[in-house]
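S.K.: Sequence and predicted structure are below.
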Amino acid sequence: MAEVSAKIRQAEAEAERPAGSVTLVAVSKTFDAEAIRPVIEAGQRVFGENRVQEATAKWPELRAGRPDIELHLIGPLQSNKAKEAVALFDVIETVDRDKIAAELAKEIARQGKALRLYVQVNIGSEPQKAGIAPKEAVAFVARCRDEHGLDIEGLMCIPPLDENPGPYFALLEKLAREAGVEKLSMGMSADYETAVAFGATSVRVGSAIFGHR
């Protein structure tokens, strides 16, 4: 974790960005509480999980007495899990269709919770990946705001594997500007330093911290 944090600070400096402008989201999916606890004790406070059910099983206990821990949902959200997701997570990064937007709006109102939301963009237009198509992203952000009453603060993407991620990160940054959002969740263990250079405000790093699953 210290090594990853140092590399983020170095990438910030090289990109002439202010120190601390990039948040490290430690991706703890598939790891149990015993693997996560030392990372919390080392000072990490922002974590990412892929599945609502898995997160619900381990995080209430891990967060007990630690109100400063922030939990991000970075995996696809099914509409029947919206209630649990709103109750557990602080940030949902995977809003990608109107049905989910409507369900989240309903649950946020019902639970009276301030939730931070990102739209996931299928930046490489890959059929196997979740996310809104790049050409529809700006209009979808506007719809989330105007029709569903959601406050979208950023965009999230996962570039195609084994391709240069730079052009995809540049495209997400362009879409964010057009959509009028400030946050960019992009970059994982293999490419987070590149993501910082292209304007990421948060990077999602799992295996480089926890090891391979």
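M.R.: Structure received. Numbers count the residues shown, from 1 in each chain.

S.K.: middle-most residue in the protein, spatially?
M.R.: Glu93 (4.3 Å; C-alpha atoms, centre = their mean).

S.K.: Could you pull up the contacting residues of that one?
M.R.: Contacts for Glu93 (C-beta atoms under 8 Å, 6 or more residues apart in numbering) come out as 48, 72-74, 117-118, 120, 154, 156, 185. In short, each C-beta sits where N, CA and C put it, glycine included.

S.K.: swap the cut-off to 7 Å and go again
M.R.: By C-beta atoms under 7 Å, 6 or more residues apart in numbering, the residues touching Glu93 are 72-74, 118, 120, 156, 185.

S.K.: now those residues as a markdown table including pLDDT and neighbour count?
M.R.: Listed next are the contacts of Glu93 as a markdown table, based on pLDDT from 0 to 100; neighbours: other C-beta atoms under 10 Å:
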| residue | pLDDT | neighbour count |
| --- | --- | --- |
| His72 | 98 | 26 |
| Leu73 | 98 | 25 |
| Ile74 | 98 | 24 |
| Tyr118 | 98 | 27 |
| Gln120 | 98 | 26 |
| Met156 | 98 | 25 |
| Ser185 | 98 | 27 |
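
S.K.: Turn these into CSV, including distance to Tyr192 and secondary structure.
M.R.: Output for those, formatted as CSV (distance: C-beta to C-beta, whole Å; DSSP: H, G, I helix; E, B strand; the rest coil):
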residue, distance to Tyr192, secondary structure
His72, 15, strand
Leu73, 19, strand
Ile74, 14, coil
Tyr118, 17, strand
Gln120, 17, strand
Met156, 14, strand
Ser185, 11, strand
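
S.K.: Could you pull out the helices in this protein for me?
M.R.: 2-14, 33-41, 52-63, 82-88, 98-111, 134-146, 166-179, 192-197, 207-210 (DSSP state H).

S.K.: Buried residues of the fifth one, list them for me.
M.R.: Using 16 or more other C-beta atoms under 10 Å as the burial criterion, the residues of helix 98-111 that qualify are 100-105, 107-108.

S.K.: of these, closest to Pro67?
M.R.: The closest of the buried residues of helix 98-111 to Pro67 turns out to be Ile108 (C-beta to C-beta; 19.8 Å).

S.K.: that older thread, okay if I get the buried residues of helix 98-111 as JSON lines plus distance to Ala87 and pLDDT?
M.R.: Listed next are these as JSON lines, based on distance: C-beta to C-beta, whole Å; pLDDT from 0 to 100:
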{"residue": "Ile100", "distance to Ala87": "16", "pLDDT": "98"}
{"residue": "Ala101", "distance to Ala87": "18", "pLDDT": "98"}
{"residue": "Ala102", "distance to Ala87": "18", "pLDDT": "97"}
{"residue": "Glu103", "distance to Ala87": "13", "pLDDT": "97"}
{"residue": "Leu104", "distance to Ala87": "12", "pLDDT": "98"}
{"residue": "Ala105", "distance to Ala87": "15", "pLDDT": "98"}
{"residue": "Glu107", "distance to Ala87": "8", "pLDDT": "97"}
{"residue": "Ile108", "distance to Ala87": "11", "pLDDT": "97"}
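
S.K.: Widest-spaced pair of those residues?
M.R.: Farthest-apart pair in those is Ile100 and Ile108; separation 12.0 Å (C-beta to C-beta).

S.K.: Quick check: nearest residue in space to Gly187, chain neighbours excluded?
M.R.: Spatial nearest neighbour of Gly187, chain neighbours left out: Ala195 (2.5 Å); criterion: C-beta to C-beta, 6 or more residues apart in numbering.
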